[in-house]
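>>> Below is the sequence, then the predicted model.
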Amino acid sequence: MSNAISPAEIEDRYERVEFTADLCIKCNICTAACPVAPVTELFPGPKTVGPQAQRFRHPDDRGETSPDKSVDYCSGCGMCTLVCPHGVKVMEMNTRARARLYDGKIPLRNRLLGRSELLGKFGHWFAPLLNVGARFRPGRIIVEKVIGIHRDAPLPTFEFQPFRSWFAKHKPQAEAPLRGKVAYFHACAGNYFDTIASKAAVMVLAHNGFDVVLPEQNCCGLPMQSNGEFDAARGYATRNLNWLAPYAREGIPIVGASTSCTLALKSDYREILQLEHPDRDTVALHTYDISEFLLLLHDRGELKTDFKPLQGIDGPLLYHSPCQQQAHHMGRPALDLFALIPGLDVRLADAACCGIAGTYGYKVEKYDIAMDVGRRLFDQVEAIGRHKPVICDSETCRWQITHATGARSVHPVHVLAAAYGLLPL
């Protein structure tokens, strides 16, 4: 047996998150781009708690030797990794460090926030009651005191009918010319809370000739991962890969409208969870964000462009490109798609982050930080008009925008569906 190191092993060694700390030259570009560090002294910046602290972490410790435990105040938005000119995987490094900091001792609050699918699975049966309860101030104050979820945090609205149930009865039929199958990954929010985005997505795909199928699936695992429960997240990720792999091996695209969940399938399973699965990379290569997929169709001359002007829209609309969408490294395909709609004027928000960062802004100690982070975006929403819908790819960001400004927020694919005449906006 040869003792030589294979090219694959060398590649894996240089791609390991921890080793990228040595690429850091302390230029502070990541700190300049971080939306959290400027609004709170509790977080000294991604460089300090990331590559700088990584040099003091031993693989067997649980963060005790790290000089700075403020890593828990990293929101995980990923802007640091996105802007690093030397390829340091700062956010991924910080996320792993946070998991080691918890050392398996996950607070009840974090466990609940990480179980969005479980909450949706049981909660949708009581949707009207839970939605009213979410607005019951005394109850929210008690939850804040006992569990630590802020009384004003933007809880999602439960839908009584899950998307999968709707799809079983109202699956849209593929229109000619037929282009084959697409496997739709609806994620937790798209099934139990923000079902309108899933409905718009499958309608648009069917309009463009695709037979949409729904694979078996569970939560992508990101909420658990973000709250330090790596073992639980790996279990969910493994099941997803087992279910999605047959589609990927057949070359069937896996498309999702939740940009954070498709990002988990593309990169988090490898970069953060370090999941060992024979089909991990195959699934990643066949996974697309919905706007990314539709723009690729357009580039090939296959996207239907029978868009009509949107009724009732006066003046420009604001589009916020969330952190997770930017982390796909695919540009902002939604803007190119909006340009195909006659008379539609969409302005890109000049703001890095809305602040919510998944479940970060729900936590009582981080709620005010999240609101301060999003202030620049909220001011721009106010300036363009709260009576107009704000466009955003991430469901938690949409909830945060609506919570902070009162403006309705919609997914880009909902705008496209409306322009096709498939759904009202």
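Done, it's in.
>>> Give me the mean pLDDT for the one helix or strand residue 81 maps to.
For residue 81, the host element (DSSP states H and E) is helix 79-83. Helix 79-83 carries an average pLDDT of 91.
>>> Now do that helix: everything it contacts.
By Cβ atoms under 8 Å, 6 or more residues apart in numbering, the surrounding residues in contact with helix 79-83 are 29-31, 33-35, 46-47, 50, 88-92, 94, 323, 326-327, 352-353. No exception for glycine: its C-beta is placed from N, CA and C like everyone else's.
>>> Next, please give the residue ranges for the helices of the stretch 151-300 of the chain.
163-170, 187-188, 195-207, 222-226, 230-249, 259-263, 269-271, 280-285, 290-299 (DSSP state H, counting those that start in this stretch).
>>> I'd like these as a markdown table, with distance to residue 343 and mean neighbour count appended.
Shown next, in a markdown table, are those (distance: least, Cβ to Cβ, whole Å; neighbours: other Cβ atoms under 10 Å):
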| stretch | distance to residue 343 | mean neighbour count |
| --- | --- | --- |
| helix 163-170 | 30 | 15 |
| helix 187-188 | 32 | 28 |
| helix 195-207 | 19 | 24 |
| helix 222-226 | 37 | 27 |
| helix 230-249 | 38 | 19 |
| helix 259-263 | 26 | 28 |
| helix 269-271 | 41 | 22 |
| helix 280-285 | 37 | 17 |
| helix 290-299 | 19 | 21 |
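>>> any chance of these in CSV, with mean pLDDT too?
Converted to CSV, those look like this (pLDDT from 0 to 100):
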stretch, mean pLDDT
helix 163-170, 98
helix 187-188, 94
helix 195-207, 98
helix 222-226, 94
helix 230-249, 96
helix 259-263, 96
helix 269-271, 92
helix 280-285, 96
helix 290-299, 97
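>>> Redo the ones you listed as JSON lines? Include distance to residue 137.
JSON lines is the format used below for the helices of the stretch 151-300 of the chain (distance: least, Cβ to Cβ, whole Å):
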{"stretch": "helix 163-170", "distance to residue 137": "30"}
{"stretch": "helix 187-188", "distance to residue 137": "26"}
{"stretch": "helix 195-207", "distance to residue 137": "27"}
{"stretch": "helix 222-226", "distance to residue 137": "26"}
{"stretch": "helix 230-249", "distance to residue 137": "32"}
{"stretch": "helix 259-263", "distance to residue 137": "30"}
{"stretch": "helix 269-271", "distance to residue 137": "40"}
{"stretch": "helix 280-285", "distance to residue 137": "44"}
{"stretch": "helix 290-299", "distance to residue 137": "37"}
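>>> residues near residue 147, how many?
15 (other Cβ atoms under 10 Å).
>>> low pLDDT regions in the stretch 1-150 of the chain?
1-15, 58-68 (pLDDT under 70).
>>> got the phi/psi numbers for residue 103?
phi 50, psi 40 (degrees, to the nearest 10).
>>> Quick one: neighbours of it, just the number.
Counted with other Cβ under 10 Å, residue 103 comes out at 12.
>>> Also residue 78?
27.
>>> thinking again about what came up before, just tell me which of the helices of the stretch 151-300 of the chain ends up closest to residue 110.
Closest to residue 110 of the helices of the stretch 151-300 of the chain, according to Cβ to Cβ: helix 222-226, at 8.7 Å.
>>> What is that closest one packed up against?
Counting contacts by 3 or more Cβ pairs under 8 Å, 6 or more residues apart in numbering; DSSP states H and E, helix 222-226 is packed against helix 90-102, helix 230-249.
>>> hmm, back to that, nearest to residue 40, out of the helices of the stretch 151-300 of the chain?
helix 222-226 (18.2 Å).
>>> Which residues does that closest one contact?
Contacts to helix 222-226, defined as Cβ under 8 Å, 6+ apart, come from residues 76, 95, 99, 113-116, 188, 230, 232-233, 236, 260-261, 264, 268, 272-273, 357-360.
>>> gap between stretch 274-287 and the chain center?
18 Å (Cα atoms, centre = their mean, to the nearest Å).
>>> Now do the contacts for the closest residue to residue 264 other than its chain neighbours.
Leaving aside its sequence neighbours, residue 264 sits nearest to residue 220 (Cβ to Cβ, 6 or more residues apart in numbering; 4.2 Å). By Cβ under 8 Å, 6+ apart, the contact set of residue 220 is 185, 187, 188, 236, 237, 240, 258, 260, 261, 264, 265, 268.
>>> hang on, the third one packs against residue 116?
Yes: look at residue 188 against residue 116 with Cβ atoms under 8 Å: they come within range, at 4.4 Å.
>>> Stretch 204-223: end-to-end distance?
For stretch 204-223, the separation between the terminal residues is 28 Å (Cα to Cα, to the nearest Å).
>>> scratch that, stretch 124-139
19 Å.
>>> Please tell me how far that stretch is from the chain's geometric centre.
Going by Cα atoms, centre = their mean, where stretch 124-139 is centred and where its chain is centred differ by 25 Å.
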